[in-house]
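In: Got a predicted structure plus its sequence, pasted below:
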Amino acid sequence: MTKLVATSVVRGSRQGESHGGVFLLNLSGQEVRQVIDWNTMDIDWRGRGADRGLRGIAFHQDTVFIAASDELFAYDPDFTLKGSWKTPYLKHCHEISVYQGQVFLTSTGFDSIIAFDIEKQQFHWALCIEPEEFRFRARVFDPRSGDGPMMLNRMHINSVVANTGGMYIGGLKTGGMLHFNGKQVSMSASLPRGTHNAQPYRDGVLFNDTEANVVRFASPDESKERVFRIPEFPAGQLTGLNLDDSRIARPSFGRGLCVIREGLVAAGSSPSTIAIHDFDSRQTAMTVTLSTDVRNAIHGLEVWPFD
């Protein structure tokens with residue numbers, strides 16, 4: 001029985017309103033259960049998304065890590081809070097990744113990746129990526145000190161995957177999926193502007209081509225490439241169309257992506273919808289809509305590893 005866990009952000013929501021949450025989705029019965037209603041009020045409400053909602057999801061043993069804009073939370077599988085941590089250099093976090101006892105978090109506002117030591121329960125290492133013409137400069141800094149970068153958000157880094165091959169980083173303005181080998185940052189694969197959730201998959205890259213309203217798998221072998229349209233809704237089925245003063249919230253905004261098993265992926269979009277795409281049939285096998293409010297968008301999306 002496959003389950004997914006998703007986080008959401010409600011763009012344009014106002015102080016006192018719910019601005020996100022955590023949901024469990026049972027694919028076999030298409031049953032959705034909200035396990036966290038995120039309505040904390042002590043956030044920065046300025047801007048379209050600002051500090052609203054919950055973001056990336058990752059797991060370590062029996063702990064569920066979920067990121068907010070500027071804070072990392074740890075829960076048990078029943079979503080009882082175990083702890084939370086902050087650093088001044090974490091801002092507008094998107095995706096997170098766990099590898100070798102560390103949580104790596106995208107600090108979008110600082111063009112950085114921040115590392116959290118799970119055993120020591122502290123942020124202890126960070127990497128700032130600075131574009132230099134057609135190359136990138138990698139600068140390591142200690143998030144416990146005051147010598148970190150300025151908050152510039154030049155590349156809008158929004159994805160990170162850490163594994164045996166190194167660290168893979170993507171963003172709206174990075175030009176592609178970057179690779180950090182422990183010493184330097186280089187371009188691993190060129191991607192369209194405006195992507196989310198870029199991750200190595202098979203012999204290529206799987207990502208949300210958000211500006212084109214599609215999920216793509218790009219491969220050196222064109223015969224292996226796949227494109228799936230993000231679900232669309234008639235305007236009459238949507239709510240919240242006139243409630244976002246920023247006018248940024250829109251339907252079919254793709255964000256949130258995970259591999260369920262070989263050849264089967266789950267992708268998120270707005271209004272909060274999860275679509276299951278099948279590589280073999282090249283078809284969308286299932287769609288489940290959590291909300292018809294166009295402001296309500298999926299953010300993080302992962303396979304739930306617990307019973």
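Out: Structure received.
In: give me the low-pLDDT residue ranges for the stretch 151-300 of the chain?
Out: 243-248 (pLDDT under 70).
In: Would you state the helices of it in chain order?
Out: Using DSSP state H, counting those that start in this stretch, no helices are assigned anywhere in the stretch 151-300 of the chain.
In: dump the residue contacts of the residue most central in space within the chain.
Out: When Cα atoms, centre = their mean is applied to the chain, the residue found nearest the centroid is Glu95 (3.6 Å). Shown in contact with Glu95 (Cβ atoms under 8 Å, 6 or more residues apart in numbering): 55-56, 106, 158-160, 197, 300. For every residue, glycine as well, the C-beta is placed using N, CA and C.
In: And for it, nearest residue in space, chain neighbours not counted?
Out: Gly56 (4.2 Å; Cβ to Cβ, 6 or more residues apart in numbering).
In: Hmm, that neighbour is touching Cys258, no?
Out: No. Counting by Cβ atoms under 8 Å, Gly56 does not reach Cys258; the two are 11.2 Å apart.
In: neighbour count winner among those two?
Out: A count of neighbours by other Cβ atoms under 10 Å puts Gly56 above the other of Gly56 and Cys258, at 28 against 20.
In: Pull out the buried residues from the lengthiest strand in the chain.
Out: Identified as the longest strand of the chain according to DSSP state E is strand 122-132. Buried positions in strand 122-132, judged by neighbour count with 16 or more other Cβ atoms under 10 Å: 123, 125-130.
In: And stretch 250-265, by the same measure?
Out: Across stretch 250-265, burial judged by 16+ other Cβ under 10 Å covers 250-258, 260, 265.
In: ok, the residues you listed vs Gly170, which is closest?
Out: Nearest to Gly170 among the buried residues of stretch 250-265 is Leu257, at 10.9 Å by Cβ to Cβ.
In: got a list of what that closest one touches?
Out: Neighbours of Leu257 in contact, by Cβ under 8 Å, 6+ apart: 196-197, 199, 206-208, 215, 265-268, 301.
In: and the gap between it and Leu206?
Out: Note on Leu257: its distance to Leu206, by Cβ to Cβ, to the nearest Å, is 7 Å.
In: now Glu133
Out: Taking Cβ to Cβ, one finds Glu133 at 28 Å from Leu206.
In: higher neighbour count, those two?
Out: Leu206 (23 against 5).
In: Next, Glu302: phi, psi?
Out: Phi and psi for Glu302, reported as degrees, to the nearest 10, are phi -150, psi 160.
In: From the structure, what's the count of residues near it?
Out: For Glu302, the neighbour count with other Cβ under 10 Å is 23.
In: re earlier: how about the buried residues of strand 122-132 in TSV, adding distance to Val64?
Out: Below are the buried residues of strand 122-132 laid out as TSV (distance: Cβ to Cβ, whole Å):
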residue	distance to Val64
Phe123	19
Trp125	22
Ala126	23
Leu127	25
Cys128	28
Ile129	28
Glu130	33
